[in-house]
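Visitor: generate a structure from the sequence data that follows.
(2 chains)
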There are 2 protein chains.
Amino acid sequence: MTLPARAQEPGTTTTIHTDGAGAVRRTVLPGGLRVITETMPTVRSAAFGIWSAVGSRDEVPADAGASHYLEHVLFKGTRRRSALEISAAIDAVGGDLNAFTAKEYTCYYARVLDSDLPLAVDVVSDMVAASVNRPEDVEAERGVILEEIHMRDDDPGDLIHDEFATALYGDTPLGRPILGTEESINTLSRDRIHGYYRQHYVPPNLVVSAAGNIDHDETVRLVSEAFAEHLRGDARPAAPRLNGAPVPLDPRSVVIDKDTEQAHIIIGGAGTSRTDERRFALGVLNAALGGGMSSRLFQEIREKRGLAYSVYSYTAQYADSGVFGVYAGCQPAKAEEVLSICRDELAKAADGLDDEELERGKGQLRGAMVLGLEDTGSRMSRIGKSELVYESLLPVDEVLARIEAVTPDDVRAIARDVLAGPQALTVIGPVGDREFGA
Amino acid sequence: MTLPARAQEPGTTTTIHTDGAGAVRRTVLPGGLRVITETMPTVRSAAFGIWSAVGSRDEVPADAGASHYLEHVLFKGTRRRSALEISAAIDAVGGDLNAFTAKEYTCYYARVLDSDLPLAVDVVSDMVAASVNRPEDVEAERGVILEEIHMRDDDPGDLIHDEFATALYGDTPLGRPILGTEESINTLSRDRIHGYYRQHYVPPNLVVSAAGNIDHDETVRLVSEAFAEHLRGDARPAAPRLNGAPVPLDPRSVVIDKDTEQAHIIIGGAGTSRTDERRFALGVLNAALGGGMSSRLFQEIREKRGLAYSVYSYTAQYADSGVFGVYAGCQPAKAEEVLSICRDELAKAADGLDDEELERGKGQLRGAMVLGLEDTGSRMSRIGKSELVYESLLPVDEVLARIEAVTPDDVRAIARDVLAGPQALTVIGPVGDREFGA
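Guide: Okay, the predicted model is just below:
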């Protein structure tokens, strides 16, 4: 068990572990800013990210969408740079500069050639630490976000995920969309956005992560320079979001009559929280049930019957809650049939998996994890997000060992809990007021 | 200039070039099957692909969608494997197995850990070389493809690209959608699909490519075994698709009244063909005009005015033709305004770029290319596709040199040709019978 960051003396560096060729190191800077890096000496690129411990679940209803709105506004200008200067700096070296907002965190990142790391550190740190949030920029970005909402509304395969979250969690922080609503976005003022920024974007709530052909000490030096005036006081890094009591669910059925070609369906319920030890068993179950082309749902719905093009299961994990869901898109006239197959397969899987499926599910998680860590962006994400939301970072070998250790009984136990629990349902399509009862 | 494959003696191997740590090698097997590999000794994975020189532009109207339909059917079973056995083999090792169909080629690929390369070669080769195309499988897959068409229809940001191709190329092979139409898919018979397979999936029309921590000779040995019974005769590899006379365009305006939240717009016209020397200059122009956040279109439409979330320009290249287009999604009431800004920017850019934009555009292409080649999948795609569609493979350094050599005059010349030519327009949204004239 590695020392948690908030127990580490500011100004010191810890080697968290060494993983194959590279090493993961963490420095806590004065003021509680964490810098965590992973060296990948065989690549020629670097990924650099800054993670903020705030997301849509931190919003009261009047602020709905504020985390994501703020993410947009941070691209609009700092004390030193205009929006054009921010994007031009990274475009000029052919890098990727982007950001995303989740329910529990927000991330800003750049991927560049290794020699351009100093530029990436300077630009991304400037955006996050010295944003000016000018009223006219907040105003212009309001229109952009409303168009992002409209674009989401125009893609039912996207919209249904937001509708499903509401069907499962209701009008609660986890149930509300990350984008906010047209109403909340139209109401959010510049002062509110700026206050949200001042409150949440403080060093103890931020994690800086970098991976690639980089040097830890040099990265720390670059970050220290870029954040210089913000690194004051003896604050320690904030604790991760608490793993409190499970969020109460009130799963409902929501049918949205819409003039689309397909009926889009999600059925699902509670999964495991981010720190639940059963998450590895749920991962294996998810792989076998709807994670690949050999999965039960793909075989039954697409391969044998040709009823859908897209059908899959998925999990989402939060500090104190989680989701297991199944998506399918099909002919509206076949929606009941597809839903009934999904329900049958969920019920059957509640008895567990056969040995071959179990092994295949493990292999799938194992291979996907190893293959997924060859690029600098994935490594940067893994260490940055872990530092923010977990008490400690599991080495890759340890994750692989936990997957390997999953037993048939573990899968049966989680399957019973997850698949036999109350399920929410969302259907979007030209289905009038049809019922899709249990 | 490397020897083209069809001039290379079957049974021999050529080193095409060495690129940094690795090397690109090609072996022509008996029967005209090409195997091209790129070694990346610092990674732990391998990407393996088989490219067929057939795509939707090879279809007569009655066969519309046959290339893509066949791509689906090849996952359904071989003489040795059921559909489940195909997918289970790759899922069990956590690999990705997938395929895509383009207008001029089709690709089947797997990405796996390096130690699983023999498995990937065996499975993908079996799918491509020994498919049985059973009537009942063709039947089941018909429903899947119809659902893929419906899913496309439900996402206007996707649909508009197909509609735009038709507006630009009309009812010609390049203008018809890769997916086919509901009518053509409902009509295609098993015999027709199977005949298409027998006709096009022959060794001279196939290229096998692999990249990663692999050995050329070992890969050739694995492919020779997997294709054993197909490697007969003294056929030579087929020539690349001919770079004939430019395809005549008849750009039209198509307005589709649809009940969506946004108006989705594409305006564009002829770009450069795949072998046109001006393609590097067009790449720089595209980057500066709509390729990144610092581009003119992004700045004018999103950054300054907040009119769109998604706005970008793009190019597509074919053997004898190409496209340059601009997409924007906006409020329906603002469609004329957004379109007018796009037209103004296209007209202004016809005078060329300023020096800073030119340098930034070059940097963007250069960085994106280098960053994009760190993963095995991109490398496999680059060498496989190049082998199929070009007479020779340009080393990365040569591509970078051509980008660097682009002059302001080159950009002005291509801008005049591309941006001042006749433009097609497609609008999808709740716009009634509004006119969007020039």
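
Visitor: chain neighbours aside, what residue packs nearest to whichever residue of the stretch 301-438 of chain A sits closest to chain B?
Guide: Minimum separation of the stretch 301-438 of chain A from chain B (Cβ to the nearest Cβ) falls at residue A:367, amounting to 1.4 Å. For glycine as for every other residue, the C-beta is placed from the backbone atoms N, C-alpha and C. Nearest in space to residue A:367, with sequence neighbours left out and distances taken as Cβ to Cβ, 6 or more residues apart in numbering or on different chains, is residue B:94 at 1.4 Å.

Visitor: how about residue A:399?
Guide: Nearest to residue A:399 is residue A:369, by Cβ to Cβ, 6+ apart, at 6.5 Å.

Visitor: so what's the one you found up against?
Guide: A:396, A:399-400, A:403, B:94 (Cβ atoms under 8 Å, 6 or more residues apart in numbering or on different chains).

Visitor: what would the residues you listed look like in TSV with secondary structure?
Guide: Shown next, in TSV, are these (DSSP: H, G, I helix; E, B strand; the rest coil):
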residue	secondary structure
A:396	helix
A:399	helix
A:400	helix
A:403	helix
B:94	coil
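
Visitor: from what I see, the residue nearest to residue A:367 and residue A:363 are in contact.
Guide: Yes. With contact defined as Cβ atoms under 8 Å, residue B:94 counts as touching residue A:363 (5.4 Å).

Visitor: point out where the stretch 51-200 of chain A drops to low pLDDT.
Guide: When residues are selected by pLDDT under 70, none of them lie in the stretch 51-200 of chain A.

Visitor: please enumerate the helices of it.
Guide: A:66-73, A:83-91, A:117-129, A:135-154, A:156-169, A:182-187, A:190-200 (DSSP state H, counting those that start in this stretch).

Visitor: tell me the most buried of these?
Guide: Ranked by mean neighbour count under mean count of other Cβ atoms under 10 Å in any protein chain shown, those are led by helix A:66-73, which reaches a mean of 25.

Visitor: angle of it against helix A:135-154?
Guide: 120 degrees (axes from the mean of the first three to the mean of the last three Cα atoms, to 10 degrees).

Visitor: next one: helix A:66-73 to chain centre, how far?
Guide: Relative to the centre of its chain, helix A:66-73 is centred 16 Å away, using Cα atoms, centre = their mean, to the nearest Å.

Visitor: wait, does that helix make contact with chain B?
Guide: No. Judged by Cβ under 8 Å from any Cβ of the partner chain, helix A:66-73 makes no contact with chain B; its nearest approach is 9.4 Å.

Visitor: now residue A:319. Nearest residue, chain neighbours left out?
Guide: residue A:241 (4.1 Å).

Visitor: and the gap between that neighbour and chain B?
Guide: 29 Å (Cβ to the nearest Cβ, to the nearest Å).

Visitor: right, and that residue touches residue A:53 too?
Guide: Yes. Residue A:241 is within contact range of residue A:53, at 7.0 Å (criterion: Cβ under 8 Å).

Visitor: please identify which of the two sits among more neighbours.
Guide: Taking neighbours as other Cβ atoms under 10 Å in any protein chain shown, residue A:241 and residue A:53 compare with residue A:53 leading, 22 against 19.

Visitor: show me which of residue B:94 and residue A:363 is the more surrounded one.
Guide: residue B:94 (25 against 21).

Visitor: against residue A:272, how distant is that one?
Guide: Per Cβ to Cβ, to the nearest Å, residue B:94 is found 21 Å from residue A:272.
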